[in-house]
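**Student:** got a predicted structure plus its sequence, pasted below:
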Amino acid sequence: MKKIVILFCVLGMTNIVLAEEAKLENDQTKPGKAVGEEITTAKPKKYSQALAQELLKASDDSMYPEYFKSTFTMVTHRKNKKDLKYTYLMHGKGSNTALMEITEPAREKGKKILLTKDNLWMYIPAVSRPIRLSRKQSFMGSAFSNEDLMNSTMADDYAPEIIDKKGELYLLSMKGKRRDVAYAKIEMWIHGKTKIPTAATYYGLSGKAIKKMEFSEIRKLAGKMRPAKMLMIDLLEAGASTEVLMKTLVKLKTVPDYMFDQTQLGR
Amino acid sequence: MKNKIIKIALQNVIKHKRRTLFNALTFAANAFALVTLIGMLNGMYNSIYERSIDLQTGHFKIYHKDYLEEKNRMPLEYNIDHPEQVIADIQSIPYFVGAAPRIMHNGIISNTRNKTGIAVMGIEMEQELITTKLFEKIPPPEYLEKNQGEIIIGRRLSELFKTGKADFLLFYSQTIHKANNLVDVVVKGIYSIGFDKMEKSIAFVPLAFAQEFFDMDDKATEIIVRIKDRKYLPQAQVALEKIIQAKYSMLVVSNWKQEASDLIAGAQADYVSYAVIFAILLFLAIFIIMNTLTITVFERTAEIGTLRAIGLETGQVRWMFLYEGIFLALIGAIIGGILAIPMAYYMNVVGISMPAEFKDKMPFPIEAMVSKNVWWDWVLVTGICLVTGIIGAILPANRAAKIKIVDALKKGVR
């Protein structure tokens, strides 16, 4: 579940950042330029490492309660193609376990997607066994990859550093601690007071930006201020984006383990 | 007496010229069709196999032993360390022509307006030119250079993306450690093999560039090996496996038949389908010969009665008609076989160009339909015609043998 939170975090870019990114997007069409290198202008370290860690941890924590139930819609836009719209009912537990069930459209109803620590499974009612999905694959035709949903808590995987501040917004540059993290670098704007991410850009190993995420519609969900809307922009395809809108989020006391057992998906 | 029966049968065949002509033409048409179709089928599948070897499978491929089980997902983690060392070691196998290391993995290619899934192959251009025929139509200036961010894409992809040489594309995939990566690549060349599916879905980058992109230094996911001809496969495989087993216990050898097993299974299924068509042709021939010989029996009832009256036994009458069937089949097979020679020559030497729309429907692209006939085809077809003639003659021959002398003579000799 936290994975979805992470997605929200990555999407929330401020207007300032958007302006900068528009420039960067133009640059990205030029060969050999690593967009990421341009926005991370080397500056003397004037922000403490402790603050960076605190912001990242708070951002991680701000996304979802430990146990929860949520409904959200996911709309994918692609140029010259009909929008893909799904509504999900999601149960989550901890930072990397969630079960999503499609409730709309009717023809897709009953399909389930199970996220566990290392795997992602899809259950289709007409097929007896759940299908294991590849990490790289697009999630239900959206701008999210399956791996985006599988990201664990960012504080575990990334070393943060504050590299800029504009108003109340801090720009956190997070470099992967290991070679096996999904993105070599993530840059995230986080509001200093609310500790809620507003935007993020994901970079590949080469330093080129792959995706951007914007967070908006901050409102009270499950007793806490959280971003209700996330927009993932696919930089590989002009006009391709996926919008996730959280409709409800309810904190639960617990969620039974069997819900996250892939052998029980058909029940 | 046997010779006399054969002589009478032959005389009957010569005497009834028109009937003989029609029956023989039936066999001739079958023989012609069979020789031509057998040649075309053999030629088509031979071309497809050779093309598959040229473009995809090579004669052998060498993989990490765990790679084959998960080949469809093109796993980077099951790789070959220092492939150049392996290639140096296997050059001693008989009929060796060349070997090339490759990294094969899937990813996404984008021109920022559109994107599509693609399989990208990291190649050593020089070695690939010796080992495969993928780039035989590409001029040297379009060859990939070592460690450059260059890509050769298929004609079809370039059309879909409206991308030409020197244009830039984005290539996205994941490294061996599952980290996302994205780079710019410049289109160095555009390959065309007349096979849309492949031209749309496979692109080539320099091996060193792929190694860097996928974060796998001095590694390859496969080595493709070419020998002089596929007929030397058994000897070469024994030698190759001996070297691999002795020095590289983590590696395995897969020959082109294993690599193209789906293609071969498809070809075998096709052969069965065509065999059914041949069987229908032969059934028609049997039916025609049976029909005409039965009519002959009715026409020659009095003649049969006379022969029986002067001492010919039922068995001899039966054999007389069977020999007639054999002669008709033989004449037909000879005529058909001779008529098929110019056609077979043309198809074996020149062939027919494949229409573009048909090429893409084939399991592997071939430029022209070229037959592959061998002398054995004519022998086989003659044998089939003879068997057909005999089967077709059995029923009329039995009918003729059962005719009673008195009843036959009542009809009077015409």
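**Tutor:** The structure has been received and is ready for your questions. Residues are numbered from 1 along each chain as shown, chains lettered A, B, ... in the order given.
**Student:** so who does A:Thr248 touch?
**Tutor:** Under the criterion of C-beta atoms under 8 Å, 6 or more residues apart in numbering or on different chains, the neighbours of A:Thr248 are A:69-71, A:221. Where C-beta positions appear, they are placed from N, C-alpha and C, glycine not excepted.
**Student:** in strands, which of those residues fall?
**Tutor:** Secondary structure assignment by DSSP state E places A:69-71, A:221 of those in strands.
**Student:** can you give me the helices in the stretch 51-200 of chain A?
**Tutor:** For the stretch 51-200 of chain A, the helices identified by DSSP state H, counting those that start in this stretch occupy A:146-150, A:154-157, in order along the chain.
**Student:** give me whichever of those is most buried.
**Tutor:** Counting by mean count of other C-beta atoms under 10 Å in any protein chain shown, helix A:146-150 has the highest mean neighbour count of the helices of the stretch 51-200 of chain A, with a mean of 22.
**Student:** list the buried residues in whichever helix or strand B:Arg399 is part of.
**Tutor:** Assigning secondary structure by DSSP states H and E places B:Arg399 in helix B:375-402. Residues of helix B:375-402 classed as buried under the neighbour-count rule (16 or more other C-beta atoms under 10 Å in any protein chain shown) are B:377-378, B:381-382, B:384-386, B:388-397, B:399-401.
**Student:** and that helix, how far from the chain's centre?
**Tutor:** Centre-to-centre, helix B:375-402 and its host chain are 29 Å apart (C-alpha atoms, centre = their mean, to the nearest Å).
**Student:** ok, back up a step: which among the contacts of A:Thr248 are in contact with chain B?
**Tutor:** The overlap between these and the neighbourhood of chain B (criterion: C-beta under 8 Å from any C-beta of the partner chain) is empty.
**Student:** looking at those residues, which is nearest chain B?
**Tutor:** When the contacts of A:Thr248 are compared for distance to chain B (C-beta to the nearest C-beta), A:Ser70 wins out at 26.5 Å.
**Student:** identify the bridge partners of the closest one.
**Tutor:** According to DSSP bridges, A:Met90, A:Leu249 are recorded as the beta-bridge partners of A:Ser70.
**Student:** and it, how many residues sit next to it?
**Tutor:** A count of nearby residues for A:Ser70, using other C-beta atoms under 10 Å in any protein chain shown, gives 23.
**Student:** I'd guessed B:Ala31 sits against B:Gly336; true?
**Tutor:** Yes: here B:Ala31 lies in contact with B:Gly336, judged by C-beta atoms under 8 Å, at a distance of 2.7 Å.
**Student:** any common contacting residues for the two?
**Tutor:** B:381, B:385.
**Student:** what residues does the stretch 51-200 of chain B have near chain A?
**Tutor:** Looking at chain A, the residues of the stretch 51-200 of chain B close enough under C-beta under 8 Å from any C-beta are B:73, B:106, B:108, B:110, B:112-115, B:149, B:168, B:170, B:172-175, B:177-184, B:186.
**Student:** if we can go back for a sec, right, and out of the contacts of A:Thr248, which lies closest to B:Met40?
**Tutor:** Nearest to B:Met40 among those: A:Thr71, at 62.0 Å, using C-beta to C-beta.
**Student:** quick one: low-confidence ranges for the stretch 101-250 of chain A?
**Tutor:** Using pLDDT under 70 as the threshold, the predicted model of the stretch 101-250 of chain A has low-confidence ranges A:150-152.
**Student:** now do the helix or strand hosting B:Met290: which elements does it pack against?
**Tutor:** Taking DSSP H and E as the definition, one finds B:Met290 inside helix B:261-299. The criterion is 3 or more C-beta pairs under 8 Å, 6 or more residues apart in numbering or on different chains; DSSP states H and E, and the helices and strands that helix B:261-299 contacts are helix B:17-52, helix B:314-349, helix B:375-402.
**Student:** quick one: mean pLDDT for that helix?
**Tutor:** Regarding helix B:261-299, the rounded mean pLDDT is 82.
**Student:** would you mark the buried spots in that helix?
**Tutor:** Buried residues in helix B:261-299, counted by 16+ other C-beta under 10 Å: B:263-264, B:267, B:278, B:281-282, B:285-286, B:288-290, B:292-294, B:296-297.
**Student:** follow-up on the earlier one: and chain B, which of the helices of the stretch 51-200 of chain A is closest to it?
**Tutor:** The nearest among the helices of the stretch 51-200 of chain A, by C-beta to the nearest C-beta, is helix A:146-150 at 7.5 Å.
**Student:** show me what that closest one is packed against.
**Tutor:** In terms of contacts (3+ C-beta pairs under 8 Å, 6+ apart), helix A:146-150 is packed against helix A:2-11, strand A:120-123.
**Student:** where among these is average confidence lowest?
**Tutor:** Out of the helices and strands packed on helix A:146-150, helix A:2-11 stands lowest, with a mean of 42 (criterion: mean pLDDT).
**Student:** show me the strands in chain A, by range?
**Tutor:** In chain A, strands defined by DSSP E lie at A:67-78, A:81-93, A:97-104, A:112-115, A:120-123, A:131-132, A:158-166, A:169-176, A:185-191, A:197-203, A:209-221, A:224-234, A:241-251, listed in chain order.
**Student:** out of these, which one sits most buried?
**Tutor:** Among these, judged by mean count of other C-beta under 10 Å, the one packed with the most neighbours on average is strand A:197-203 (a mean of 28).
**Student:** who does it pair up with?
**Tutor:** Sheet pairing here is set by DSSP bridges, and for strand A:197-203 it gives strand A:185-191 (antiparallel), strand A:209-221 (antiparallel).
**Student:** would you mind putting the ones you listed into CSV with distance to B:Ile310 alongside?
**Tutor:** Compiled in CSV, these are given as follows (distance: least, C-beta to C-beta, whole Å):
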stretch, distance to B:Ile310
strand A:185-191, 108
strand A:209-221, 100
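**Student:** A:Gly94: which of those is closest?
**Tutor:** Between A:Gly94 and these, the tightest spacing by C-beta to C-beta is seen for strand A:209-221, at 18.1 Å.
**Student:** next, the angle from that closest one to strand A:224-234.
**Tutor:** Here strand A:209-221 runs at 160 degrees with respect to strand A:224-234, directions being taken by axes from the mean of the first three to the mean of the last three C-alpha atoms, to 10 degrees.
**Student:** so strand A:209-221 versus strand A:67-78, what angle?
**Tutor:** 130 degrees.
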